[in-house]
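>>> heads up, no residue letters with this:
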């Protein structure tokens, strides 16, 4: 196993910090959704209608992810990883800052939500290229035997962006009244996010192109014409496997991080403040656990780590949703344990960068990841809410258990596929499955 140099650590840190700041820009919207509804839609509308309209605009960002990701990945495979890595964070910073300057419905009428929707679509396109691009970038920079650690640090940095958004949102509600937030203070997190994004652009200007891409340039082995066409025609199995494991990542983030604080207040006597504080603790544990799982992947192989991690996550999820309604005083330690178990999401990028060959790696990973996230990101909340009517407070655990079983089957398939890259202790990132 090769050791990482100071330059490797510096590159990894810059990528992770940039990912944290960019992901903050993408999620801060949801933490101010109620206030945004009152600002950008007609006064006097029912609360349920305001929520639907606001969350529809939030969801538009997810729907834009596949197209943005495919376009940026196309040029990332043909022109360079770093260029798209810089562009994605720049395209996130500008719309976020512009959101903080938008006039409300009272000033601009229907034009206000229309502009907000347009900017949210730009954010979705940016994040669609950012996350796959970041995983490809750090994996191609990492020496042999350290890809898991690199992806773990980067993934942990991305999840820290969620916690940063939650903390800023909580601080805004603590420092300002609803009237002040609606009048002017809602702009502060978005303007702050724009500044964060520009800082990330500056930090990433110090990054260099990945060694893998430089080697492909020298050897003239870059993808030709349309990488996405090659992905669809030659790497269908890799796409299917990537979509299947991404479904568990999507469910894990959406259910345990984004939905559970609200679910806790409905299925138990837990106060909203306690639920969100426990959520911050869980996300913090998740960020640390991502690094730990990356360490395990480098030593045990991605297939075994995926199988074991999925089983552990399913069991802890069941314990959490089964016990908390009867023992709400266990919330903080149990939620921290659940966040730690969710660190298995690091296996997803580690798996995908091995499934696709370097010339089309960015396009393959971006296509599979964003299509899966757009689909499961849309259906997961709806299915969980419907399942609550039939299975009560255990519905999230059952949903997670099904997708964990799918991930275990994927892990078993890879384990017995004969491809050494998925079982080797110190794998490189060049094997692919067609």
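That came in fine, so what should we check first? Everything quoted here is computed from the prediction, not taken from an experiment.
>>> C-alpha only now, for contacts and for neighbours.
Fine.
>>> where does the protein have low pLDDT?
When residues are selected by pLDDT under 70, those of the chain lie in 1-8, 418-434.
>>> look through it and tell me its longest helix.
Looking across the chain with DSSP state H, the single longest helix is helix 47-79.
>>> pull out the buried positions in that one.
50-51, 53-55, 57-78 (16 or more other C-alpha atoms under 10 Å).
>>> wait, what's in contact with the closest residue in space to residue 403 that isn't next to it in sequence?
Setting aside the residues directly before and after it, residue 403 is nearest to residue 248 in space (C-alpha to C-alpha, 6 or more residues apart in numbering), at 5.4 Å. Residues in contact with residue 248 (C-alpha atoms under 8 Å, 6 or more residues apart in numbering) are 345, 400, 403-404, 407.
>>> then residue 22?
Residue 22 neighbours (C-alpha under 8 Å, 6+ apart): 89, 92-93, 127, 161, 193, 196-197, 200.
>>> can you do 6 Å?
residue 197 (C-alpha atoms under 6 Å, 6 or more residues apart in numbering).
>>> the strand or helix carrying it to helix 47-79, inter-axis angle?
Of the helices and strands defined by DSSP states H and E, residue 22 is found in helix 6-31. Here helix 6-31 runs at an angle of 150 degrees relative to helix 47-79 (axes from the mean of the first three to the mean of the last three C-alpha atoms, to 10 degrees).
>>> go through helix 6-31 and flag the buried ones.
Applying 16+ other C-alpha under 10 Å to helix 6-31 flags 11-31 as buried.
>>> also stretch 144-164?
144-164.
>>> same question for stretch 273-282.
275-276, 278-282.
>>> and residue 225, helix, strand or coil?
State at residue 225, reduced to three classes by DSSP: H, G, I helix; E, B strand; the rest coil: coil.
>>> any idea how far residue 262 is from it?
47 Å (C-alpha to C-alpha, to the nearest Å).
>>> and those two? Which one has more around it.
residue 262 (14 against 10; other C-alpha atoms under 10 Å).
>>> helix, strand, or coil at that one?
Going by three-state DSSP: residue 262 is helix.
>>> what sits against it?
Contacts of residue 262 by C-alpha under 6 Å, 6+ apart: none found.
>>> report all helices and strands that the strand or helix carrying residue 191 contacts.
Following DSSP H and E, one finds residue 191 within helix 187-204. Under the contact criterion of 3 or more C-alpha pairs under 6 Å, 6 or more residues apart in numbering; DSSP states H and E, helix 187-204 touches helix 6-31, helix 81-99.
>>> recalculate using a threshold of 10 Å.
On a contact count with 3 or more C-alpha pairs under 10 Å, 6 or more residues apart in numbering; DSSP states H and E, helix 187-204 meets helix 6-31, helix 81-99, helix 147-175.
>>> after the shortest one, heading C-terminal, what element do we hit next?
Heading C-terminal from helix 81-99, the first helix or strand you meet, by DSSP H and E, is helix 105-108.
>>> buried ones in that following helix?
For helix 105-108, by 16+ other C-alpha under 10 Å, it's residue 105.
>>> contacting residues around it?
37-43, 102, 111-115 (C-alpha atoms under 10 Å, 6 or more residues apart in numbering).
>>> mind checking how far the helix or strand following that helix is from the chain centre?
Going down the chain from helix 105-108, the next helix or strand is helix 111-141, by DSSP H and E. Computed by C-alpha atoms, centre = their mean, to the nearest Å, the chain-centroid distance of helix 111-141 equals 11 Å.
>>> re the thing from before, tilt between the helix holding residue 191 and helix 81-99?
Using the same axes, to 10 degrees: helix 187-204 against helix 81-99 is 160 degrees.
>>> please renumber so the chain begins at 822
Sure, I'll start counting at 822 from here, so that last one is helix 1008-1025.
>>> and the angle for the next helix or strand after helix 1008-1025 with helix 932-962?
Once the chain leaves helix 1008-1025, the next helix or strand it forms, by DSSP H and E, is helix 1032-1040. Per the same axes, to 10 degrees, the angle that helix 1032-1040 makes with helix 932-962 is 80 degrees.
>>> tell me the angle the helix or strand following helix 1032-1040 makes with helix 868-900.
Once helix 1032-1040 ends, the next helix or strand along the chain (criterion: DSSP H and E) is helix 1048-1055. Our comparison of helix 1048-1055 with helix 868-900, counting by the same axes, to 10 degrees, yields an angle of 90 degrees.
>>> touching helix 1048-1055 from outside, list them.
891-892, 894-896, 898-899, 1044-1045, 1056-1060, 1177-1178, 1180-1189, 1254-1255.
>>> which is the next helix or strand following that helix?
helix 1057-1072.
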